[in-house]
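Novice: mind looking at a prediction? Sequence and model below.
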Amino acid sequence: LLDLVQLPLSLYDQRLLADGTIARLKSQGCSVHARSLYLQGLLLTSSKSWPTWIDSQARQHHARLEHFAKLRSVSLLDCALGFAYDQEDVEAVVIGLCSYRELQQLLATWGQTYPWQTAEWNSWCIHNSAIIDPRCWQQLKKHKAAYSALQTFNSNYQLTNRRQMATYKIHPSSANVRQL
């Protein structure tokens with residue numbers, strides 16, 4: 001039925017591996033191409049530089065990957081590409097590049113010895129779709145901003161009038177806060 005499918009797959013987003021989708025497509029003769037290996041660049045970025053709207057648990061998870069990479073004397077790029085290279089049911093990967101230098105780095109890294117022992121990468125998946133699905137990120141940003149605004153409002157307002165604060169929580173005046 002399908003000749004080729006391009007789908008999201010990364011060290012952190014292994015949903016379609018775990019549920020058997022990739023293996024099933026391959027067994028039906030469909031060519032599987034993986035995209036989003038770098039998770040919009042997050043996987044290659046230091047956890048200290050991650051956006052503030054990403055929760056601390058996900059940041060800590062990435063910090064552990066950084067530590068793992070350091071112990072194995074590899075880069076985060078090695079971890080991401082090694083994961084992809086290890087996927088036997090994936091025929092190709094689609095990777096966005098911003099420069100010729102990035103292309104050279106990719107070509108130098110692809111096919112090298114990678115840090116993963118047999119399926120060791122399984123333990124790095126993240127199950128929170130709000131983190132691994134970039135379509136959810138805008139909502140996370142709004143939620144974080146609204147929560148921050150409500151916290152600021154609450155801490156400022158507690159000093160003056162608790163009754164009005166309770167009313168405010170029930171009848172929020174801001175569209176963003178309503179989304180909480």
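Specialist: Perfect, thanks for sending it. Numbers count the residues shown, from 1 in each chain.
Novice: could you list the low-pLDDT ranges of the chain?
Specialist: 1, 113, 141, 143-180 (pLDDT under 70).
Novice: if we go to 50?
Specialist: Residues of the chain meeting the criterion pLDDT under 50: 147, 149-180.
Novice: strands along that one, start to end?
Specialist: Along the chain, counting by DSSP state E, strands occupy 4-8, 31-35, 92-93.
Novice: for those, which one sits closest to residue 56?
Specialist: strand 4-8 (24.0 Å; C-beta to C-beta). Backbone N, C-alpha and C define where each C-beta goes, glycine included.
Novice: residues in contact with the closest one?
Specialist: Strand 4-8 is contacted by residues 16, 21-22, 25, 30-36, 94, 133 when judged by C-beta atoms under 8 Å, 6 or more residues apart in numbering.
Novice: what angle separates it from strand 31-35?
Specialist: 30 degrees (axes from the mean of the first three to the mean of the last three C-alpha atoms, to 10 degrees).
Novice: just the buried positions in strand 4-8, please.
Specialist: Buried residues in strand 4-8, defined by neighbour count with 16 or more other C-beta atoms under 10 Å: 5, 7-8.
Novice: what lines up beside that strand in the sheet?
Specialist: strand 31-35 (parallel) (DSSP bridges).
Novice: any idea which residue sits dead centre in the protein?
Specialist: For the chain, residue 132 is the residue whose C-alpha lies nearest the centre (C-alpha atoms, centre = their mean; 3.6 Å).
Novice: report the contact partners of it.
Specialist: Contacts of residue 132 (C-beta under 8 Å, 6+ apart): 10, 12-13, 15, 39, 126.
Novice: which one of those is nearest to residue 120?
Specialist: Looking across the contacts of residue 132 and measuring by C-beta to C-beta, the closest to residue 120 is residue 12, at 14.5 Å.
Novice: my read: that closest one touches residue 39, true?
Specialist: Yes. At 5.7 Å, residue 12 counts as touching residue 39 under the criterion of C-beta atoms under 8 Å.
Novice: so what's the residue count around the residue lying closest to residue 57 once chain neighbours are set aside?
Specialist: Nearest in space to residue 57, with sequence neighbours left out and distances taken as C-beta to C-beta, 6 or more residues apart in numbering, is residue 128 at 7.9 Å. Neighbour count for residue 128, taken as other C-beta atoms under 10 Å: 14.
Novice: from residue 107, how far out is residue 128?
Specialist: 33 Å (C-beta to C-beta, to the nearest Å).
Novice: could you pull out the helices in this structure for me?
Specialist: Applying DSSP state H to the chain gives helices spanning 15-18, 21-27, 56-71, 76-85, 100-109, 129-132, 137-157, 162-170, 175-178.
Novice: distance check, the closest residue to residue 89 other than its chain neighbours against residue 90.
Specialist: Leaving aside its sequence neighbours, residue 89 sits nearest to residue 26 (C-beta to C-beta, 6+ apart; 4.1 Å). Distance from residue 26 to residue 90, counting by C-beta to C-beta: 8 Å.
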